[in-house]
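Engineer: Fold the following, please.
(one chain, ligands or ions: 1)
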Amino acid sequence: MPDPDFPPGFVSLVSAGPGDPELLTLKAARRLSQAEVVLFDDLASGPVLDHAGPQAELIAVGKRAGRPSARQEAVNALIVSHAQAGRRVVRLKSGDSGIFGRLEEELTALTQAGIPFEIVPGVTSASAAAAAMGIPLTRRLTARRVQFITGADVTGQLPGDINWAALADPSVTTVVFMGQRSFPLLAQGLIAHGLPGDTPAMFAEAVGHPGQRLLRSTVAELARLLHDQGPASQPGLILYGPLAFPPQTA
Ligand SMILES: C[S@@+](CC[C@H](N)C(=O)[O-])C[C@H]1O[C@@H](n2cnc3c(N)ncnc32)[C@H](O)[C@@H]1O
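Structural biologist: Sure, this is the predicted structure:
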């Protein structure tokens with residue numbers, strides 16, 4: 001059945017959620033089933049792609065730290081050319097595409113080319129990580145805000161313009177994306193700016209994927225652990241702040 005909301009030459013920027021296909025939205029699953037071309041990132045692959053229909057051409061345009069990846073300009077050009085050829089295009093990105101997802105570059109390319117598009121929001125890995133651990137992202141009486149930060153700038157290093165007062169605020173839940181490598185350095189700065197080293201922290205690796213690993217720790221201990229662990233092979237998030245871990249049983 002033709003869908004007037006997803007006509008030929010239209011691009012749907014679909015958020016894939018953290019990896020578990022049950023965390024796709026109904027709209028994301030529908031767009032995947034309707035698409036003629038699906039351009040997907042590494043982190044938006046696996047079983048979520050089973051929702052694509054048999055007519056769909058699946059094209060990997062993966063971007064993963066430390067691995068060769070398609071350049072952003074090449075990805076933009078590919079999306080534009082498929083849409084200009086009159087195909088119904090899904091651009092599939094992990095988590096919620098609007099969170100550290102290079103969405104703006106693709107929106108700009110589409111706008112400049114005069115291609116109609118929509119954004120389908122999704123479940124960010126930040127909420128999926130807290131849910132997998134069995135805790136809320138914001139603890140009612142002690143967390144005054146939640147902040148999502150990146151642990152890597154465009155060069156892969158800890159950003160140089162860190163707002164230490166905000167990041168070392170003990171009344172905030174902070175979620176660090178792309179921060180496994182830089183967390184030891186970040187933690188050092190946080191502690192130097194007054195955040196207690198025993199502040200609760202958790203590490204959530206490959207949330208919603210078969211290799212999911214959840215670790216409950218503290219800022220100081222997690223920094224040591226990630227330092228000793230060396231380069232990461234899976235995507236991971238760090239959460240720290242007034243996390244509502246249940247009391248440890250002996
Ligand atoms: C380019 S960002 C994309 C974030 C995505 N838009 C989101 O909302 O989850 C990639 C980073 O997100 C985090 N990430 C994405 N998917 C993840 C998952 N399934 N488990 C743990 N971390 C994940 C990791 O920090 C990874 O390095």
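Engineer: okay, now whatever residue of the chain ends up closest to the ligand: neighbour count?
Structural biologist: Closest residue of the chain to the ligand, C-beta to the nearest ligand atom: residue 95 (1.9 Å). Any C-beta I mention is one placed from the backbone N, CA and C, and that applies to glycine too. By other C-beta atoms under 10 Å, 29 other residues sit near residue 95.
Engineer: Who are the contact partners of it?
Structural biologist: 15-18, 43, 101, 122-126, 128 (C-beta atoms under 8 Å, 6 or more residues apart in numbering).
Engineer: repeat that for 7 Å
Structural biologist: Residues near residue 95 by C-beta atoms under 7 Å, 6 or more residues apart in numbering: 15, 17-18, 122-125.
Engineer: Okay, domains of this protein per the record?
Structural biologist: Per automatic domain parsing, the structural domains of the chain span 11-120, 125-240.
Engineer: Now mean pLDDT and distance to residue 246 too, for those, in JSON lines please.
Structural biologist: Shown next, in JSON lines, are these (pLDDT from 0 to 100; distance: least, C-beta to C-beta, whole Å):
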{"stretch": "domain 11-120", "mean pLDDT": "93", "distance to residue 246": "23"}
{"stretch": "domain 125-240", "mean pLDDT": "95", "distance to residue 246": "8"}
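Engineer: Need these in CSV (columns: distance to residue 248).
Structural biologist: Formatted as CSV, these follow (distance: least, C-beta to C-beta, whole Å):
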stretch, distance to residue 248
domain 11-120, 26
domain 125-240, 8
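Engineer: and of the ones you listed, who's closest to residue 5?
Structural biologist: domain 11-120 (7.7 Å; C-beta to C-beta).
Engineer: Pull the number of nearby residues for residue 194.
Structural biologist: 11.
Engineer: Helix, strand or coil: sort out it for me.
Structural biologist: Under DSSP: H, G, I helix; E, B strand; the rest coil, the three-state class of residue 194 is coil.
Engineer: Could you list which residues are in contact with it?
Structural biologist: residue 168.
Engineer: Which residue ranges of this structure form strands?
Structural biologist: For the chain, the strands defined by DSSP state E occupy 11-15, 37-40, 57-60, 89-93, 117-120, 145-150, 172-177, 200-205, 213-218, 236-240.
Engineer: quick one: the last one near the ligand?
Structural biologist: Yes - contact of strand 236-240 with the ligand is found when judged by C-beta under 6 Å from any ligand atom, involving 236-237.
Engineer: Quick check: the most centrally placed residue in the chain vs residue 23, distance?
Structural biologist: A centroid search over the chain (C-alpha atoms, centre = their mean) returns residue 95, at 4.5 Å, as the residue closest to the centre. With distances taken as C-beta to C-beta, to the nearest Å, residue 95 is found 10 Å from residue 23.
Engineer: any common contacting residues for those two?
Structural biologist: By C-beta under 7 Å, 6+ apart, the residues touching both residue 95 and residue 23 are 17, 123.
Engineer: So which bits of stretch 219-237 are buried?
Structural biologist: Neighbour-count burial for stretch 219-237 flags 219-220, 222-223, 226, 232, 235-237 (criterion: 16 or more other C-beta atoms under 10 Å).
Engineer: same check, this time on stretch 243-250
Structural biologist: Neighbour-count burial for stretch 243-250 [16+ other C-beta under 10 Å]: 243-244.
Engineer: That one: how far from the chain's middle?
Structural biologist: Centroid separation for stretch 243-250 versus its chain: 27 Å, with C-alpha atoms, centre = their mean, to the nearest Å.
Engineer: Now do the same for it: mean pLDDT, whole number.
Structural biologist: The pLDDT scores in stretch 243-250 average 79.
Engineer: And the contacts of it?
Structural biologist: Residues from elsewhere that reach stretch 243-250 (C-beta under 7 Å, 6+ apart): 135-136, 139, 173, 200, 202, 216.
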